[in-house]
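Chemist: Could you work out the structure for the sequence below:
(2 chains)
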Number of protein chains: 2
Amino acid sequence: MHISHDSLSQLERRYRAQLINSLSGFKSANLIGTQDTFGRTNLAIISSVFHLGADPALVGFISRPDTVQRDTLANIIATGSYTINQVNSDIWQQAHQTSARYDSGQCEFNEVGLTPLHQPQVVAPFVAESRLKYAVKLESYQTIELNQTLLVIGRITDIWLDDVALNPDGNIDIESLNTVCVSGLDCYHTTERLGRLSYAKPDKPSVIID
Amino acid sequence: MHISHDSLSQLERRYRAQLINSLSGFKSANLIGTQDTFGRTNLAIISSVFHLGADPALVGFISRPDTVQRDTLANIIATGSYTINQVNSDIWQQAHQTSARYDSGQCEFNEVGLTPLHQPQVVAPFVAESRLKYAVKLESYQTIELNQTLLVIGRITDIWLDDVALNPDGNIDIESLNTVCVSGLDCYHTTERLGRLSYAKPDKPSVIID
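Modeler: From the prediction side, this is the model:
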């Protein structure tokens, strides 16, 4: 089936959003925790968190300033601090519910039934129910001129995880933590491992190492 | 288990790469097809493709100019054309093998055993074995100054997919196409659907719609 350039441009807005959001493949499911300068907490699910580099340890996400992510962004800019908390299959429905347009005065933790957790020296709150979470310090943000979204980049400082998931080589078995992924705008999935593959070299095929 | 800022900075390079690559959550698995101005094809697996916006239909990925992705980037800049092809569970090992450092003269399609497919009016080759693929026109690229990676943004033009996967509301059931996802540097996974959730509203909990 071929969807041409011309037919793409004529799609109804919501149909188009569903379709285009499905194209990039599976997306990460993370809750971003923040706090304003009065100590009021905020929590938002984001499916656009992506790895940017290991040294320095950088992580990026895309934010739309005109949506429910407005408080998240304002808090990050005001405090320089946020947390990223992987969503697992015990909390996927609460996590999705954070995308509702709550008023600025409403706390998503309370509204959806997740527990804020504070750690020393980190302003932003963590999600207690998340089994892999880390503190992030804002490094930069810039507008993507093509569509006025914002690319937010931060540096990973402290990590908390269930130690059962940490493999001897540093890889984290996030499947064992029941971390979920997202497709399209609203579909959530658990995973089943095919395998880890050895570092690819031109002269021999990769093999399954685990 | 807590990995502190200080201990993070002292990790051995490869351990650190495995660890930090696991933090963002599940990643998309896509093959990017390109062609140079002499018509020589190139194919590279990329786990950093992300949705950037539906209208205009934009997709981004992160490229490291000093690696095996060098040919991909040079071809995209030279021709303005590339294809993104979702990796499925029939071709995940061949897809991984494209990350080997083949010489510029070697064609990854031949080396790993995937089939280039040309479509009218698209310079770059598609992967015949991929069941969801689309043509992309380069819109912009910029260096992320924090680590010298490149953010490459393109506009989605034409889409080809197995029509069994297209839901009535525009959502594509990429799980039914056996699209895989990636965790860390080298682990591949199939998925199992938890469900689609209704659009979240403050006054009532989301429900499973499919």
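Chemist: moving C-terminal of the helix or strand bottoming out on mean pLDDT in chain A, what's the next helix or strand?
Modeler: The helix or strand of chain A with the poorest confidence is helix A:5-9; it has a mean of 90 (mean pLDDT, DSSP states H and E). Following helix A:5-9 in sequence order, the next helix or strand is helix A:13-23 (DSSP states H and E).
Chemist: where are the low-confidence patches of chain A?
Modeler: Scanning chain A for pLDDT under 70 picks out the ranges A:65-66, A:68.
Chemist: quick revisit: ok, residues contacting the least confident helix or strand of chain A?
Modeler: With contact meaning C-beta atoms under 8 Å, 6 or more residues apart in numbering or on different chains, helix A:5-9 is reached by A:16, B:57, B:156, B:157, B:158, B:159. C-beta coordinates here come from the backbone N, C-alpha and C atoms, glycine included.
Chemist: how about 10 Å then?
Modeler: By C-beta atoms under 10 Å, 6 or more residues apart in numbering or on different chains, the residues outside helix A:5-9 that reach it are A:16, A:19-20, B:55-57, B:121, B:134-135, B:137, B:155-159.
Chemist: Now do the buried residues in that helix.
Modeler: Neighbour counts over helix A:5-9 (16 or more other C-beta atoms under 10 Å in any protein chain shown) mark residue A:8 as buried.
Chemist: Then stretch A:43-50?
Modeler: Neighbour-count burial for stretch A:43-50, with 16+ other C-beta under 10 Å as criterion, is recorded at A:43, A:44, A:45, A:46, A:47, A:48, A:49, A:50.
Chemist: wait, doesn't the last one sit right on residue A:84?
Modeler: This points to residue A:50. No: contact criterion C-beta atoms under 10 Å: residue A:50 and residue A:84 do not qualify, at 11.1 Å.
Chemist: Tell me the spacing between residue A:137 and residue B:163.
Modeler: The spacing between residue A:137 and residue B:163, counted by C-beta to C-beta, to the nearest Å, is 46 Å.
Chemist: The two: which is more packed in?
Modeler: residue A:137 (18 against 10; other C-beta atoms under 10 Å in any protein chain shown).
Chemist: Am I right that that one is in a strand?
Modeler: Yes: remark: residue A:137 belongs to a strand, assigned using DSSP: H, G, I helix; E, B strand; the rest coil.
Chemist: what's the distance between it and residue B:149?
Modeler: The gap separating residue A:137 from residue B:149 is 19 Å, by C-beta to C-beta.
Chemist: try residue A:200
Modeler: Distance of residue A:200 to residue B:149, computed by C-beta to C-beta: 20 Å.
Chemist: For the residue nearest the centre of chain A, list each beta-bridge partner.
Modeler: Most central in chain A under C-alpha atoms, centre = their mean is residue A:30, positioned 3.2 Å from the mean C-alpha point. Here residue A:30 shows beta-bridge partners residue A:46, residue A:86, assigned using DSSP bridges.
Chemist: And the one 4 residues further on, by the same measure?
Modeler: When bridges are assigned using DSSP bridges, the partners listed for residue A:34 are residue A:42.
Chemist: Surely it touches residue A:46?
Modeler: No: at 11.2 Å, residue A:34 does not count as touching residue A:46 under the criterion of C-beta under 10 Å.
Chemist: and for these two, which residues touch both?
Modeler: With C-beta under 10 Å, 6+ apart, residue A:34 and residue A:46 have common neighbours residue A:72.
Chemist: Helices of chain A, start to end?
Modeler: A:5-9, A:13-23, A:70-79, A:92-97, A:108-112 (DSSP state H).
Chemist: which one of those helices is the most hemmed in?
Modeler: Sort those by mean neighbour count, taking mean count of other C-beta atoms under 10 Å in any protein chain shown, and helix A:92-97 sits at the top with a mean of 24.
Chemist: any idea what sits nearest residue A:133, other than its immediate chain neighbours?
Modeler: residue A:85 (4.1 Å; C-beta to C-beta, 6 or more residues apart in numbering or on different chains).
Chemist: Can you tell me how far that neighbour is from residue A:199?
Modeler: As judged by C-beta to C-beta, residue A:85 and residue A:199 stand 30 Å apart.
Chemist: ok, these two, which is more surrounded?
Modeler: Legend: neighbour count by other C-beta under 10 Å for residue A:85 and residue A:199, higher for residue A:85 (27 against 12).
Chemist: From chain B, how far off is that one?
Modeler: Going from residue A:85 to chain B by C-beta to the nearest C-beta, to the nearest Å gives 10 Å.
Chemist: next one: residue A:63
Modeler: 11 Å.
Chemist: Over to residue A:47?
Modeler: Taking C-beta to the nearest C-beta, one finds residue A:47 at 8 Å from chain B.
Chemist: these two touch, right, that residue and residue A:189?
Modeler: No: when contacts are counted by C-beta under 10 Å, residue A:47 is not listed as touching residue A:189 (12.0 Å).
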